[in-house]
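Peer 1: Predicted model and sequence follow; I will ask about them next.
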Amino acid sequence: MESLRIESTHKTPRVILDPENGIFEFSGRSIPEDSVGFYTPIFEWLDMYAKQPLPQTHVRFDLEYFNTSSSKNILEVLKRLEAIHLAGHEVRVTWFYDEDDEDMEETGQDYQALLNLPIELSVKVQS
Amino acid sequence: MDASQAELLHSPALSYAYPLYRNMLDNSIVFMYHGPITPDLIVDVLSLVEYRLGDTREERRISKKLFNIMVESFTLGDNGSQKGYATLVVRQLPYLYAVSIGRRVRSDLVHEVKHFLDWVNTLSPDQLRESYHQLLQAKEPGREQLVGGVPAISILDLARKSHDILLYSFEFLSDEDSFFALEARIKKT
């Protein structure tokens, strides 16, 4: 299975889904004009990965800001990861947020409450 | 200076300028836009607002919240047929920032939007979170939970982020359309 790599733009996130190492990353902004169109290839890729996942998958969300349309699609990404986790494969999600961004922290808490998936909230280290 | 030059200096074509300036001053408006609200525009506006704000911890916290609210306002301003065509206003008052979005809604659906906003304004933070979670988990993606043509989840999201009631107004334009304005406020402390 090949990696999925989408470079970031000023309105869409960078996405790296690396099936060899089980490391997934979503970073940047997510305010696409067509949110479903942007996330659909990611859903399709995850559905393929779910058939033969690695024993351990680590997913990093390091988003700057996003709208509710993206929130729904990120929830769909997390639901697919939850299914992999519930099937007995370890999936660890780290949700990064800026210490000044209480909304991003609260969004991470929302996903923790809605899913049966280990989601760790982590303050970004300022560079 | 001849008569025609003098007429140009006092051109009636510029009679809008001072009332507009006065209106912006009186209402503490620091940014005002009318047109298609696109993700590109939002990114540009964020840069402008960031430039105006300082770099203290509190100012960074407020600017983050302001950004998050403006980003969601974009979704609220998307009214389908006239995609993203709306008015965006940012006000800077001594104790708060306010972001308002203005767009047309169908006149026969005004009561529906108003009823929903009145209900949202009665909810506690926990009730807001619960209602938001319900809409977030709804099966159909996109604009399925519209209240009078307005995405309900965006209204709940703005209410959660502002930690305050949402102010609104409706202006009757015709039997078909009314102008709807919604303001979310962010306290500076």
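Peer 2: Okay, I see it.

Peer 1: shouldn't residue A:33 be in contact with residue B:38?
Peer 2: Yes - at 7.0 Å, residue A:33 and residue B:38 qualify as touching, with contact defined as Cβ atoms under 8 Å. All C-beta spots, glycine's among them, are computed from the backbone N, C-alpha and C.

Peer 1: For the closest residue in space to residue B:177 that isn't next to it in sequence, the count of nearby residues, please.
Peer 2: In space, and not counting its chain neighbours, residue B:177 is closest to residue B:104: 4.7 Å by Cβ to Cβ, 6 or more residues apart in numbering or on different chains. When neighbours are defined as other Cβ atoms under 10 Å in any protein chain shown, residue B:104 has 19 of them.

Peer 1: Could you give the secondary structure assignment for residue B:104?
Peer 2: strand (DSSP: H, G, I helix; E, B strand; the rest coil).

Peer 1: how near is it to residue B:171?
Peer 2: Going from residue B:104 to residue B:171 by Cβ to Cβ, to the nearest Å gives 10 Å.

Peer 1: joint contacts of those two?
Peer 2: Counting by Cβ atoms under 8 Å, 6 or more residues apart in numbering or on different chains, the shared contacts of residue B:104 and residue B:171 are B:178, B:179.

Peer 1: For the longest helix along chain A, give me every contacting residue.
Peer 2: Across chain A, the longest stretch assigned as helix under DSSP state H is helix A:68-86. Residues from elsewhere that reach helix A:68-86, judged by Cβ under 8 Å, 6+ apart: A:26, A:30-32, A:35-36, A:38-39, A:42-43, A:46-47, A:49-50, A:53, A:57, A:59, A:61, A:66, A:91, A:93, A:107, A:111, A:114-119, B:72, B:75, B:136-137, B:141-142, B:151, B:153-154, B:157.

Peer 1: Okay, and which of those map to helices?
Peer 2: A:35-36, A:38-39, A:42-43, A:46-47, A:49, A:107, A:111, A:114, B:72, B:75, B:136, B:153-154, B:157.

Peer 1: which of those are buried?
Peer 2: For the ones in helices among the contacts of helix A:68-86, a burial check counting by 16 or more other Cβ atoms under 10 Å in any protein chain shown picks out A:35, A:38-39, A:42, A:46, A:49, A:107, A:111, A:114, B:72, B:75, B:136, B:153-154, B:157.
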